[in-house]
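> Would you be able to build a 3D model of this:
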Amino acid sequence: MREFFADVDAAFSDLSWELLGMTEVSGPSAVVETRITGRGRGSGVPVDVSAAQVWTWGADKATRVEGLHGPRLGAR
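I've put the predicted structure just below:
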C-alpha cells in the first residue's frame with residue numbers, strides 16, 4: 001500500500017486528499033469518500049476527482065484499500 005501511495009504522490013504535484021466522509025460498513029471496514037486535487041507532474045494538467053474506497057484496518061493500521069467504481073459506488 002505504501003508503494004501505491006508513493007507512486008501516486010510521484011505522479012502529481014501539489015497533491016491533496018480531502019476527507020469528505022466515512023461510513024462504517026462491517027467489522028474493521030469503512031467506506032471513505034475523498035476529493036483528490038493536484039496537477040500532473042509532467043503535464044501540469046489539473047486534477048480534481050471525487051473518489052470512494054473501502055478501507056480495512058487491522059493492528060492499528062490500514063491493511064487494504066479497494067476503490068469503488070461505477071455501479072458499485074452507488075450500491076454502497
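> can you pull out the helices in this structure?
2-11, 70-74 (DSSP state H).
> Would you mind pulling up the elements that the longest one packs against?
Counting contacts by 3 or more C-beta pairs under 8 Å, 6 or more residues apart in numbering; DSSP states H and E, there are no secondary-structure elements packed against helix 2-11. In this view, the C-beta of every residue, glycine as well, is placed from N, C-alpha and C.
> one more time with 10 Å, if that's ok
In this structure, helix 2-11 makes packing contacts with strand 12-26, strand 29-40, judged by 3 or more C-beta pairs under 10 Å, 6 or more residues apart in numbering; DSSP states H and E.
> Against which helices or strands is the first one packed?
With contacts defined as 3+ C-beta pairs under 10 Å, 6+ apart, strand 12-26 has these neighbours: helix 2-11, strand 29-40, strand 46-58.
> on that earlier part again, in terms of mean pLDDT, which of the helices of the chain ranks lowest?
For those, mean pLDDT drops lowest on helix 70-74, to a mean of 53.
> Report the separation between Asp48 and Ser29.
27 Å (C-beta to C-beta, to the nearest Å).
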